[in-house]
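In: sequence first, predicted model second:
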Amino acid sequence: MAVRVGVLGATGAVGQRLIQLLDPHPEFEIAALTASASSAGKQYRQAAKWRVDSPIPEDVAEMTVTATDPDEVPDDVDLLFSSLPSSIGAEVEPAFCEAGYVMSSNSSNARMAEDVPLIIPEVNADHLELLEVQRDERGWDGAMVKNPNCSTITFVPTLAALEEFGLERVHVSTLQAVSGAGYDGVTSMEIIDNAIPYIGSEEEKLETESRKLLGEFDGAELSHDSVEVAASCNRISTLDGHLENVWVEAQEELTPEDAADAMEAYPSLDLRSSPDQLIHVFEEPDRPQPRLDRTLGGGMAISAGGFRESTFGLQYNCLAHNTMRGAAGASVLNGELLLENGYL
């Protein structure tokens, strides 16, 4: 029997991607859609300006959107996927957890809270046990899991593959697609024939979230990894797919061949949305590229290439589809992890 799920913020860009992924999902059944007060009471086809590259699912199109309020969501919904703006998520997500709902959230609020698991399942699935601490400390019957920022998700799996070499310092420069800013985030006059070398709060997210993801959970407390991370974030005019240039300094000798082998061997999982190969390694020096490689593994794989030695240690490039692997797909994968581990 499928798990009944709801989508908070269902009319937005990530909300639409969530619906695209959840509607055909054999383990989940969409049972609730929420949005702003202006959309509440409307059929979803009327409330959402559908922009995803596949038709709106007919059964979802006929559903009535409700307000984003625990009293408006049916009690028999077992799992909520949240794509709310962080300012709204910070207010309403705890209310849903207090009401007993389990939540897999893409919203950026509370990602760095000490008792909130920030999860990339292939990297730190064991951090899910932090939910026991969360429930004890907050008195919740529900629970909240977060996935990281889309740019963090792109490069942290590649770092996890290199941890055996003793990571000391990481420098990352991102070339981020416009879809990461949302439909109204960057105007055409801003981005065409241009690149924007600043994305508000993005650098801090890469620098802090990565250390939490690579940290250790001892059953009671999570300690962050000691690796030093410095980031520079840039918006470019690609539609989807975040490309990142990474420099790694390690305690042990780390050759391009060592890095490529470690990433190619890094395991995926058996979750429904897991790609067969988590990190696809290219031998070509000019790959990966957003237009060519963002849909590898159904948009859920990471790709890497351009490995070479540099003055600042190992250098390589990596890429992920930012609204699939980096957002909606990441939340769905965390939902599958919650299901597999008995939290639903």
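Out: Received it, and whenever you're ready, just let me know what you need.

In: so how many other residues sit close to residue 312?
Out: In terms of burial, residue 312 registers 12 neighbours under the definition other C-beta atoms under 10 Å. Just so you know, the C-beta spots here come from the backbone N, C-alpha and C atoms, and that holds for glycine as well.

In: just checking, it touches residue 250?
Out: No - with contacts defined as C-beta atoms under 8 Å, residue 312 does not count as touching residue 250, sitting 11.4 Å away.

In: and residue 106, its phi and psi?
Out: Geometry field for residue 106 lists phi and psi as phi -90, psi -10, criterion degrees, to the nearest 10.

In: my guess is it meets residue 331, correct?
Out: Yes - counting by C-beta under 8 Å, a contact exists between residue 106 and residue 331, whose distance comes to 4.8 Å.

In: touching both of these two, which residues are there?
Out: 14, 81, 82, 83, 147 (C-beta atoms under 8 Å, 6 or more residues apart in numbering).

In: identify the contacts common to residue 312 and residue 250.
Out: Shared contacts of residue 312 and residue 250 (C-beta under 8 Å, 6+ apart): none.

In: break this protein into its domains for me.
Out: The chain breaks down by automatic domain parsing into domains covering 3-149+327-340, 150-321.

In: got the phi/psi numbers for the closest residue to residue 39 other than its chain neighbours?
Out: In space, and not counting its chain neighbours, residue 39 is closest to residue 47: 3.8 Å by C-beta to C-beta, 6 or more residues apart in numbering. Geometry field for residue 47 lists phi and psi as phi -80, psi -30, criterion degrees, to the nearest 10.

In: does residue 47 touch residue 15 like I think?
Out: No - the pair residue 47 and residue 15 fails to qualify as a contact (C-beta under 8 Å) at a distance of 10.5 Å.

In: quick one: which of the two has more around it?
Out: Set side by side, residue 47 and residue 15 give different neighbour counts by other C-beta under 10 Å, the larger being at residue 15 (24 against 19).

In: wasn't the more buried one part of a helix?
Out: Yes - when DSSP: H, G, I helix; E, B strand; the rest coil is applied, residue 15 is found to be in a helix.

In: tell me who's in contact with it.
Out: Under the criterion of C-beta under 8 Å, 6+ apart, the neighbours of residue 15 are 7, 8, 9, 35, 48, 83.

In: nearest to residue 288 among those residues?
Out: Of all the contacts of residue 15, residue 288 sits closest to residue 83, with 25.9 Å by C-beta to C-beta.

In: could you check how far the closest one is from residue 89?
Out: In this structure, residue 83 lies at 9 Å from residue 89, with C-beta to C-beta, to the nearest Å as the measure.

In: identify the contacts common to these two.
Out: Counting by C-beta under 8 Å, 6+ apart, the residues touching both residue 83 and residue 89 are 105, 107.

In: now do the helices in the stretch 1-150 of the chain.
Out: Along the stretch 1-150 of the chain, the stretches classed as helices by DSSP state H, counting those that start in this stretch are 13-22, 44-47, 58-61, 86-98, 121-124, 130-138, 150-162.

In: mind putting these into TSV with mean pLDDT and distance to residue 323?
Out: Output for the helices of the stretch 1-150 of the chain, formatted as TSV (pLDDT from 0 to 100; distance: least, C-beta to C-beta, whole Å):
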stretch	mean pLDDT	distance to residue 323
helix 13-22	97	5
helix 44-47	97	19
helix 58-61	97	18
helix 86-98	97	17
helix 121-124	98	18
helix 130-138	97	26
helix 150-162	98	7
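
In: in TSV: the ones you listed, plus distance to residue 320.
Out: Formatted as TSV, the helices of the stretch 1-150 of the chain follow (distance: least, C-beta to C-beta, whole Å):
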stretch	distance to residue 320
helix 13-22	14
helix 44-47	28
helix 58-61	26
helix 86-98	21
helix 121-124	12
helix 130-138	24
helix 150-162	4
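
In: for residue 239, find the nearest of these.
Out: Minimum separation from residue 239 across those (C-beta to C-beta) falls at helix 13-22, 11.8 Å.

In: circling back to that earlier point, nearest to residue 317 among the shared contacts of residue 106 and residue 331?
Out: Minimum separation from residue 317 among these (C-beta to C-beta) is found for residue 147, which lies at 22.5 Å.
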